[in-house]
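**Student:** Need a 3D model of the sequence below.
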Amino acid sequence: MPLLAALSLACPAPPAGDEADGADEVSEQDGEVSDSQSSAEASSDDSPTIICEPGDTRCDGPDTLEVCAATGLEWEPVPCEGYQQCESCFENTQGCVAACVGPCEKLKDTPSSEGCSFYATSMYQADTQLDPPPPDAIVVGNPQVDQPATVELYFAPEGSNIEALVEGPITLQPGESHVFLLPGELTEYYENTSMHRSGAVHHVTSDLPVVAYLHSPFEGSSTNGSSLLLPEHMMTGEYVVYGHSAYVTPSYFVVIALEHQTTVRWWPSVETAGDMLPLPYVEAGAMGEYTLNRFDNMRIDSSVKNMLPRCEQDLSGTVITADKPIWVVSAIRGLRIPFCSGEPIEGCSPPAKVDSACNRGSDFVQEQVIPLEYWGQLYVGPHSPLRGQELHYWRIYAGDPDVTVDVDPPQPGFPMTFAERGDWAELVVDNGTNLVFSGDGPFMPVQYVAGHHEADDRGSPAMVQMAPTEQFLDRYVFVTGYNYDEHYVQVIRTNDGQAVDLDGTPVEGWATVGDWQVANVLIEEGAHEIRSEGNFGIIQYGYSDFNGYADPSAGYGYPGGMKSELINIP
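**Tutor:** The predicted structure is shown next:
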């Protein structure tokens, strides 16, 4: 019933002759609503009532989020999906808000290299001379104890910044793994200068934290390079490049932008190539700059313009910064450790080893670079699983100016102070030597594994960054490479003898270095679980034998996982 009619029924008409006075009297003395007030209220009541601020959120039980509609007139229900539940106060960039929250939204509560979003692009590899070229692969494993994870692969095609689903959803039971094969035709083999492209980026997503690895290519061949993939939540804008001398073609690094309008700057240790279409040529020590959009990526190669000897075409120590998070991989198309050649190389000091056995002894290597925020001040550096009488090669990179690093057992030249971020030193130690590195600021030791000609014709070069002891975990689920003769997990623990169990069996065969112990365990191909009551570290390796040029050796190495706590402010 209209408001005015209701008022008429409720209030009898005043006596004749007193209508005006009575109305005034009622309005003033009894507080009744006047005709003019009634009209105003009728008009107001006919207007919609704003009940919430558009975009605001609230929970309607644990399974439903309500979002205020754009009109502000109603709450619209949004069911929470998968493992999510509605929380009335979830802290994000907007403050405390109601949201559907699950393990993927809470990754920073238990930060590690497990994640729900991983990126990769096909890498510039050694020439396999195979037609068609072998595919790269992203291998994903489910580390959950009792929950299945659903994974999907998205792809932004070359020339595009828009991704689309290309494989999945795929359900992985606890401990299971899956191989996403990436199109081989995307792999770059023949270019030898810097390049920019939009797209050609792969993106793996999951509804629960998983682990991921990039194999380039997937098969365990003489051209294979492998890396632990770091999840999107670990990406930052602060990096130092690991590199080495370029035996085949210039060494390089790759950057993928994860957000639009990302400005990337780099200060190369040697000249980097560019043709201004669009990437600039940059002199050593000068600054290069370029702005990328999401899924844009650029490969920056060391330059041959100044005809530097190949042993000096080395991007080691190049500093990279960005104003938004970026993905960075450092790679060497053909790494030879020790640096050697079938003929003398003019200008290399000390001169490269001249040895015809070097032929076919190089390998493509890659490593997704750990951002500076996760670098530490204490590392255990185990030698790679032994092969013959090989020596062990290390480089130590400074993450800040004026960082002093020492080594145990003592080594010539150490302790050493590094003047600037990106400065580095090389260290070669005897066969079977484990090391402990300590410093008064952030730094990173990287092991460069020798080629087969130094190691009983087993394995091939690899570039392996270390996880600081501050970033050790108490449990890892990890997946080996594929199609290798041997796989190893290297385990690092404190020397208090605390048990470490691999697939339910105690790890044995410990060797002591300083306050730490190291064990090398030969394992089967596939997924594994390793755990302890205390934190410990793992590194993964794989070797194949050299059986002649038709069946050359292969190898890989990378950290098996880590925490992702912010322990350094660059």
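
**Student:** those strands in the stretch 1-150 of the chain, which residues are they?
**Tutor:** 57-59, 64-68, 75-79, 85-92, 95-101, 115-121, 136-141, 149-156 (DSSP state E, counting those that start in this stretch).

**Student:** For Ile567, which of these is the nearest?
**Tutor:** Among the strands of the stretch 1-150 of the chain, the nearest to Ile567 by C-beta to C-beta is strand 115-121 (18.2 Å). Just so you know, the C-beta spots here come from the backbone N, C-alpha and C atoms, and that holds for glycine as well.

**Student:** So what are the sheet partners of the closest one and their directions?
**Tutor:** strand 201-216 (antiparallel) (DSSP bridges).

**Student:** Report the distance from the partner strand to the chain centre.
**Tutor:** On the basis of C-alpha atoms, centre = their mean, to the nearest Å, strand 201-216 sits 9 Å off its chain's mean C-alpha point.

**Student:** now what about the helix or strand following that strand, what contacts it?
**Tutor:** The element immediately downstream of strand 201-216 (helix or strand, assigned by DSSP states H and E) is strand 225-228. Under the criterion C-beta atoms under 8 Å, 6 or more residues apart in numbering, residues 113, 123, 125, 211-216, 329, 331, 363-368, 462, 481, 542, 556-561 lie in contact with strand 225-228.

**Student:** helices or strands up against the helix or strand following strand 225-228?
**Tutor:** Going down the chain from strand 225-228, the next helix or strand is strand 236-240, by DSSP H and E. If contacts are counted by 3 or more C-beta pairs under 8 Å, 6 or more residues apart in numbering; DSSP states H and E, strand 236-240 sits against strand 319-335.

**Student:** what's the span of stretch 121-136 from first residue to last?
**Tutor:** Taking C-alpha to C-alpha, to the nearest Å, stretch 121-136 runs 9 Å from one end to the other.

**Student:** oh, I was asking about stretch 252-261
**Tutor:** Termini of stretch 252-261 sit 23 Å apart (C-alpha to C-alpha).

**Student:** sorry, back to before: closest one to Thr433 among the strands of the stretch 1-150 of the chain?
**Tutor:** strand 136-141 (31.5 Å).

**Student:** shaky segments in the protein?
**Tutor:** 1-45, 126-131, 186-192, 220-223, 248, 339-361, 453, 455-456, 546-553 (pLDDT under 70).

**Student:** Pick out the residue nearest the middle of it.
**Tutor:** Leu230 (2.3 Å; C-alpha atoms, centre = their mean).

**Student:** quick one, what contacts it?
**Tutor:** 113, 115, 118, 368, 370, 564.

**Student:** With distance to Asp301 as added columns, please give the strands of the stretch 1-150 of the chain in CSV.
**Tutor:** Shown next, in CSV, are the strands of the stretch 1-150 of the chain (distance: least, C-beta to C-beta, whole Å):
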stretch, distance to Asp301
strand 57-59, 48
strand 64-68, 48
strand 75-79, 47
strand 85-92, 39
strand 95-101, 43
strand 115-121, 15
strand 136-141, 19
strand 149-156, 23
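
**Student:** Throw the ones you listed into TSV and include mean neighbour count, thanks.
**Tutor:** Formatted as TSV, the strands of the stretch 1-150 of the chain follow (neighbours: other C-beta atoms under 10 Å):
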stretch	mean neighbour count
strand 57-59	17
strand 64-68	19
strand 75-79	12
strand 85-92	15
strand 95-101	16
strand 115-121	24
strand 136-141	24
strand 149-156	21
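
**Student:** For stretch 173-185, which outside residues touch it?
**Tutor:** So stretch 173-185 is contacted by 120, 122, 132-148, 151, 153, 167, 170, 172, 202, 204, 217-218, 477, 479, 482, 526-527, 529 (C-beta under 8 Å, 6+ apart).

**Student:** This structure: helices as residue ranges?
**Tutor:** Applying DSSP state H to the chain gives helices spanning 3-10, 19-25, 35-46.

**Student:** Using the record's assignment, carve the protein into domains.
**Tutor:** Under the assignment automatic domain parsing, the domains of the chain span 3-46, 57-102, 115-559.

**Student:** Could you single out the most deeply buried of those domains?
**Tutor:** Neighbour counts (mean count of other C-beta atoms under 10 Å) averaged over each of these peak at domain 115-559, with a mean of 20.

**Student:** pretty sure Gly288 contacts Pro268?
**Tutor:** Yes. Using C-beta atoms under 8 Å, Gly288 is in contact with Pro268, at 6.9 Å.

**Student:** which residues are common contacts for those two?
**Tutor:** Joint contacts of Gly288 and Pro268 (C-beta under 8 Å, 6+ apart) are 282, 300.

**Student:** closest to Ile569 out of the domains of the chain?
**Tutor:** Counting by C-beta to C-beta, Ile569 lies closest to domain 115-559 out of these; the figure is 7.3 Å.

**Student:** what's the distance between that closest one and the middle of its chain?
**Tutor:** Distance, centroid of domain 115-559 to centroid of chain: 11 Å (C-alpha atoms, centre = their mean).

**Student:** Endpoint to endpoint, that domain covers what distance?
**Tutor:** Termini of domain 115-559 sit 16 Å apart (C-alpha to C-alpha).

**Student:** so who does Arg458 touch?
**Tutor:** Arg458 touches 387-388, 452, 485-486, 543-546, 553, 555, counting by C-beta under 8 Å, 6+ apart.

**Student:** Return the set of residues that bridge with it.
**Tutor:** Here Arg458, judged by DSSP bridges, has bridge partners Asp545.

**Student:** Quick check: it vs Ala120, distance?
**Tutor:** 28 Å (C-beta to C-beta, to the nearest Å).

**Student:** now do His244
**Tutor:** Distance from His244 to Ala120, by C-beta to C-beta: 22 Å.

**Student:** go on, Ile538?
**Tutor:** Where Ala120 is concerned, Ile538 sits at a distance of 22 Å (C-beta to C-beta).

**Student:** do Met298 as well
**Tutor:** For Met298, the distance to Ala120 equals 15 Å [C-beta to C-beta].
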